[in-house]
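Undergrad: mind folding the following:
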Amino acid sequence: MAGTKMEKKWLRVRNKKGSALLSAYLVITSLLILGAAFILLVTVESRTAEYQRRIATALYIADAGIERALYDLRQDIITDPSSPSWSDGMINGWVVDINDTDSDGFYPLPDTSNAANSAYASTSLSGGSYSVRIKNVSGSSDIWIRSAGTLGSVTQTIEVYASLINISPWNNAIFGGAGASGALVNGNVNIFGSVHILGDGLAPGDNAIDLGGTAELVGNNYAGLDSSLKALVPALPTIVLGGETVETLGAELRVKNGLVGLSGNSAVGQANATGNAYKETVDGAYVTDGYNGTAGTGNVYSDNGSTEGYDLGDAVSFPSLSNPYPDNPGQDYYEYFADNALVLTTELASVTPSSNLNLGDCSSNCVYMNADGNLQVEGMVYVSGTNNLALTSGDFTYSGKGTILVTGDVTIDANLITSGAESFPTNILGVMTPNDISLGASSQKDIMGLFFAEGEVTANKQTDVLGTLLTNYFDLSNQVPSIYQVPETVNNLPPGMIAGDAIWLMKVISWKKI
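TA: Reported below is the predicted structural model:
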């Protein structure tokens, strides 16, 4: 009996009828769950991919708005190269309303509510659109640009900071042209302001600049300028840096060809120091061939480091007096001055403060000086033939706005300055020669002006030069001369001065997604 019961239980245990169906249900349920999860995953990934595509496309659309704004801003410069402005209510022919600002001070480019802009092309792109707003930087030629690209519900915004700079050769302390074996700028010299060297003709491995001692190649302030000379020139602009208001020359170093040699304590700029009124680091250094010397890049104190190459391409070249005169391309500078200037021969070959000069008409072109060393030069003066210009033996105080073209050599071995607070470059003298210029053969001379030589400029001993040296070759190696750029000279060039046309360049300083 007991055996029969056990057998029945054993039979029930071994009976598997319906288990296959249950297993099938479990498998089907699992597959449905996995399939649903897969479909959900694919859907989420598809939506994520679409969202990322929209983000990327909206960013491209915003970038297209930036490029269009940059084009309009550049074209606005081309339209009025003599005095470009982005705050005159018009940009490349499109009307802007500088008072229609948002909470950040940006206004639309163009003013879409103005009927004058009806011809402005569509801002639609790739199924979306962009809108551009800009903001002028007070007291400068810089500008902020914001472009918002929208695709459906997605918006991406790019912000760019651009700067308008005049890359005229006269917007430097030193501008150097052709090269040869050896350095164009050498020795123990202090240069305060921008330095731009083309180095045309230098062989690979040649130095364009080779400095030693305590030379400062590109100083960015007037920290070392004598107070009596500083009073004669306009105050430098100021910026806020690290919470401090500091003066700056906006100085940059550019070398197209050739190495920059820095040895000893010579440097490009200085390390930033707090607690003073000066900007020590330079705004930028653009040197294609790099640095050498015992210090090399270790003594480069630049806001953009020491690895940036020359950034202007072929936009700037070294000028020549044999080139066509801009206002009369049928004549070179010699021919134009011969026809339009006060023409002299030997009258300026040996001028001292006691000389009496009354040459020409000061309502047009003249050189006038009384026996007290008060010199006035107005308009254009041409020293023809192979004659020289020499100012020596004392102190000259000059006024007027004039240019002297000398076909011989130039010697200035005297103090030559303007008189009165901020009188330079309202009063400004330019000197040009196809030959050589010597400045300050005697010690400790103060010389103010613009000097162009297709040969060589030599600055001697402790001479202080305020203005610009524009020449093929330099000799600045004798007892620490100092060159100080005066930024306002580029806006006050005397008549007939070579390379007098402004060369405007817009540079994008920063780009960021916000």
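
Undergrad: contacts, neighbours, all on C-alpha from now
TA: OK.

Undergrad: now stretch 447-466, how far from the centre of its chain.
TA: Chain-centre distance of stretch 447-466: 23 Å, with CA atoms, centre = their mean, to the nearest Å.

Undergrad: now do the helices in the protein.
TA: Counting by DSSP state H, the chain has these helices, from start to end: 2-14, 19-79, 227-230, 333-340.

Undergrad: would you list these in a markdown table and tack on distance to Thr307?
TA: Output for those, formatted as a markdown table (distance: least, CA to CA, whole Å):
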| stretch | distance to Thr307 |
| --- | --- |
| helix 2-14 | 84 |
| helix 19-79 | 26 |
| helix 227-230 | 34 |
| helix 333-340 | 39 |
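
Undergrad: among those helices, which is nearest Trp86?
TA: Proximity to Trp86 (CA to CA) singles out helix 19-79 among the helices of the chain, at 7.5 Å.

Undergrad: which elements pack onto the closest one?
TA: strand 90-91, strand 128-136, strand 142-151, strand 154-166 (3 or more CA pairs under 8 Å, 6 or more residues apart in numbering; DSSP states H and E).

Undergrad: just name the most buried of these.
TA: Stretch with highest mean neighbour count among the helices and strands packed on helix 19-79: strand 142-151 (a mean of 24; mean count of other CA atoms under 10 Å).

Undergrad: strands of the stretch 251-400 of the chain, residue ranges please.
TA: Using DSSP state E, counting those that start in this stretch, the strands assigned to the stretch 251-400 of the chain run over residues 252-255, 259-262, 284-287, 291-292, 324-325, 328-332, 342-344, 357-361, 365-369, 374-383, 389-399.

Undergrad: tell me which of these sits most buried.
TA: strand 259-262 (a mean of 26).

Undergrad: returning to that earlier point: would a markdown table of the helices and strands packed on helix 19-79 with distance to Arg74 and mean pLDDT be doable?
TA: Output for the helices and strands packed on helix 19-79, formatted as a markdown table (distance: least, CA to CA, whole Å; pLDDT from 0 to 100):
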| stretch | distance to Arg74 | mean pLDDT |
| --- | --- | --- |
| strand 90-91 | 9 | 88 |
| strand 128-136 | 14 | 94 |
| strand 142-151 | 12 | 94 |
| strand 154-166 | 9 | 91 |
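
Undergrad: show me what contacts the residue nearest the centre of the chain?
TA: Among the residues of the chain, Ile165 comes closest to the average C-alpha position under CA atoms, centre = their mean, at 5.1 Å. In this structure, Ile165 makes contact with Ser141, Trp504, Leu505, Met506, Lys507, judged by CA atoms under 8 Å, 6 or more residues apart in numbering.

Undergrad: in ChimeraX, select just the buried ones from the residues you listed.
TA: Those of these that meet the burial criterion (16 or more other CA atoms under 10 Å) are gathered into one ChimeraX selection, given here:
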select :141,504,505,506
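
Undergrad: quick check, nearest of the contacts of Ile165 to Asp303?
TA: Once CA to CA is applied, the member of the contacts of Ile165 that ends up nearest Asp303 is Lys507, at 15.3 Å.

Undergrad: before we move on, back to that, tell me which of the helices of the chain is the most buried.
TA: Among the helices of the chain, ranked by average contacts under mean count of other CA under 10 Å, first place goes to helix 333-340 (a mean of 18).

Undergrad: about what we covered before: for the strands of the stretch 251-400 of the chain, give me JSON lines that also has distance to Trp511 and mean pLDDT.
TA: JSON lines is the format used below for these (distance: least, CA to CA, whole Å; pLDDT from 0 to 100):
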{"stretch": "strand 252-255", "distance to Trp511": "21", "mean pLDDT": "95"}
{"stretch": "strand 259-262", "distance to Trp511": "29", "mean pLDDT": "91"}
{"stretch": "strand 284-287", "distance to Trp511": "17", "mean pLDDT": "95"}
{"stretch": "strand 291-292", "distance to Trp511": "28", "mean pLDDT": "94"}
{"stretch": "strand 324-325", "distance to Trp511": "40", "mean pLDDT": "96"}
{"stretch": "strand 328-332", "distance to Trp511": "41", "mean pLDDT": "95"}
{"stretch": "strand 342-344", "distance to Trp511": "52", "mean pLDDT": "98"}
{"stretch": "strand 357-361", "distance to Trp511": "55", "mean pLDDT": "96"}
{"stretch": "strand 365-369", "distance to Trp511": "50", "mean pLDDT": "97"}
{"stretch": "strand 374-383", "distance to Trp511": "45", "mean pLDDT": "97"}
{"stretch": "strand 389-399", "distance to Trp511": "46", "mean pLDDT": "95"}
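
Undergrad: out of those strands, which gets nearest to Tyr71?
TA: Tyr71 sits nearest to strand 284-287 of all these, at 24.2 Å, using CA to CA.

Undergrad: so Gly385 touches Leu405, yeah?
TA: No - under the criterion of CA atoms under 8 Å, Gly385 is not in contact with Leu405, lying 11.0 Å apart.

Undergrad: the two - which one has more neighbours?
TA: Just comparing Gly385 and Leu405: by other CA atoms under 10 Å the higher neighbour count belongs to Leu405, 29 against 12.

Undergrad: against Ala271, how distant is that one?
TA: Using CA to CA, to the nearest Å, we find Leu405 at a distance of 41 Å from Ala271.

Undergrad: ditto for Ala62
TA: Counting by CA to CA, the gap between Ala62 and Ala271 amounts to 38 Å.

Undergrad: check contacts around Gln270.
TA: Listed by CA under 8 Å, 6+ apart, the contact set of Gln270 reads Gly219, Glu280, Thr281, Val282, Asn299, Val300, Tyr301.

Undergrad: I'd say the third one and Asp303 touch.
TA: Yes - under the criterion of CA under 8 Å, Thr281 makes contact with Asp303 at 6.5 Å.

Undergrad: comparing these two, which residue is more hemmed in?
TA: Thr281 (25 against 13).

Undergrad: how far away is the more buried one from Tyr291?
TA: Summarising the geometry, the distance separating Thr281 from Tyr291, computed by CA to CA, is 17 Å.

Undergrad: then Val480?
TA: Remark: distance between Val480 and Tyr291 (CA to CA) = 22 Å.

Undergrad: next: Ala371.
TA: With distances taken as CA to CA, Ala371 is found 51 Å from Tyr291.

Undergrad: ok, now which ones touch the closest residue to Trp511 other than its chain neighbours?
TA: Take Trp511 and drop its neighbours on the chain: the residue closest to it by CA to CA, 6 or more residues apart in numbering is Val160, 4.6 Å away. The neighbours of Val160, taking CA under 8 Å, 6+ apart as the test, are Ile66, Trp144, Ile145, Arg146, Val508, Ile509, Ser510, Trp511, Lys512.
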